[in-house]
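In: output the structure for:
(one chain, ligands or ions: 1)
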Amino acid sequence: MTETPAPPRPAATPFGERLRAATAARGPLCVGVDPHAGLLREWGLGEDIGGLERFCGTVTEALADKVAVVKPQSAFFERFGSRGIAVLERTVADFRAAGALVLLDVKRGDIGSTMGAYADAYLDPAAPLFSDAVTLSPYLGFEALRPALDLARASGSGVFVLARTSNPEGGPLQRARCADGRGVAADVLARLARENAATAAGSPFGSFGAVVGATLAGVPGGVGAHEGDGGDGGLTHADLDIGGPLLLPGLGAQGARPEDLPALLGPALPAALPSVSRDVLRHGPDRGALRSATDRWIGELAAVIG
Ligand SMILES: O=c1ccn([C@@H]2O[C@H](COP(=O)(O)O)[C@@H](O)[C@H]2O)c(=O)[nH]1
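Out: Okay, here's the model as predicted:
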């Protein structure tokens, strides 16, 4: 007897649309869940698996019903080995169950065949670490990310690809010229725009996002300083028009402020998803203080972004 193939599972609402709904309801903020060793100590917790569990439990209880997006930083969990990964799995599941979107910050990128396994690990809805979106690195080649781009499209999840990062060390590589003369970061953004344009009609906001450092306003060779790239490999406002979200790390501890964002993004401002980790987490372990700090950031960002 021949088996009738199972009908394909309907894809979830695309990530871009879910993100739009979440930020409209809860405000334009992503809070990073970065259990730094120093924060564990400041919170009076052990620098061990018990401390990690309590830290994540507190952040989840304080913020899961409040923020649109949380961004657990995988490195801080991986350093505790398999037990740290187990805490990460629970943290992802708990935030998602409470209605927050989870963007897992893993910055993966590898040759295509290995990339398929990374895609399965984070973007297959049956995977233990399945998340609403992940961060990816294109620096083994944007097309090497294809398995993750395809699985994200099929499963209704999202990706955020590093374009121009918030750290000063990223500049020389990301401002270098491609063979066609375009800057490397601008090339990444143009490719993301094409992915979003290829999304089925009816999705007004794409699921293929970029990472752009909030620290780059007014920086020579940064973002938005020139109409053309000024010969310095910097990004123009037009480069940021990718039809999808722009994750903006670098606010707070790295020095960027909400009032920097209009000059940084220009007409792309409504696509902004600002991200803050330490400048919220330093207010813990008091849940009320964590919530108040988050409210302050949401208020300041909403006043700028709308
Ligand atoms: O360009 C980038 C890309 C990612 N990050 C990550 O964001 C947070 C920033 O933490 P803060 O405490 O708010 O500075 C962290 O997890 C980084 O790995 C980034 O900073 N810049």
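In: hey, let's count contacts and neighbours off CA atoms from now on
Out: Noted.
In: what's the burial count for Gly170?
Out: Gly170 has 12 neighbouring residues, counting by other Cα atoms under 10 Å.
In: that one and Val223: what is the separation?
Out: In this view, Gly170 and Val223 are 13 Å apart by Cα to Cα, to the nearest Å.
In: over to Val67?
Out: Distance check for Val67 against Val223: by Cα to Cα, it reads 27 Å.
In: same deal with Ala133?
Out: For Ala133, the distance to Val223 (Cα to Cα) stands at 25 Å.
In: do the same with Arg296
Out: As defined by Cα to Cα, Arg296 lies at a distance of 26 Å from Val223.
In: more crowded one of the two?
Out: Val223 (27 against 12).
In: what's around whichever residue of the stretch 51-200 of the chain sits closest to the ligand, how many residues?
Out: Going by Cα to the nearest ligand atom, the ligand is nearest to Thr165 of the stretch 51-200 of the chain, at 3.2 Å. For Thr165, the tally of surrounding residues (other Cα under 10 Å) stands at 22.
In: ok so Leu273 is a strand residue?
Out: Yes. Residue state for Leu273 (DSSP: H, G, I helix; E, B strand; the rest coil) corresponds to a strand.
In: next up, the contacts around it.
Out: Neighbour list for Leu273: Pro28, Leu29, Cys30, Pro245, Leu246, Leu247, Leu248 [criterion: Cα atoms under 8 Å, 6 or more residues apart in numbering].
In: export the residues you listed as a markdown table, with columns for pLDDT.
Out: As requested, the contacts of Leu273 are arranged in a markdown table below (pLDDT from 0 to 100):
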| residue | pLDDT |
| --- | --- |
| Pro28 | 98 |
| Leu29 | 98 |
| Cys30 | 99 |
| Pro245 | 98 |
| Leu246 | 98 |
| Leu247 | 98 |
| Leu248 | 98 |
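In: which member of those is positioned nearest the ligand?
Out: For the ligand, the closest of these turns out to be Leu248, at 7.6 Å, with distances computed as Cα to the nearest ligand atom.
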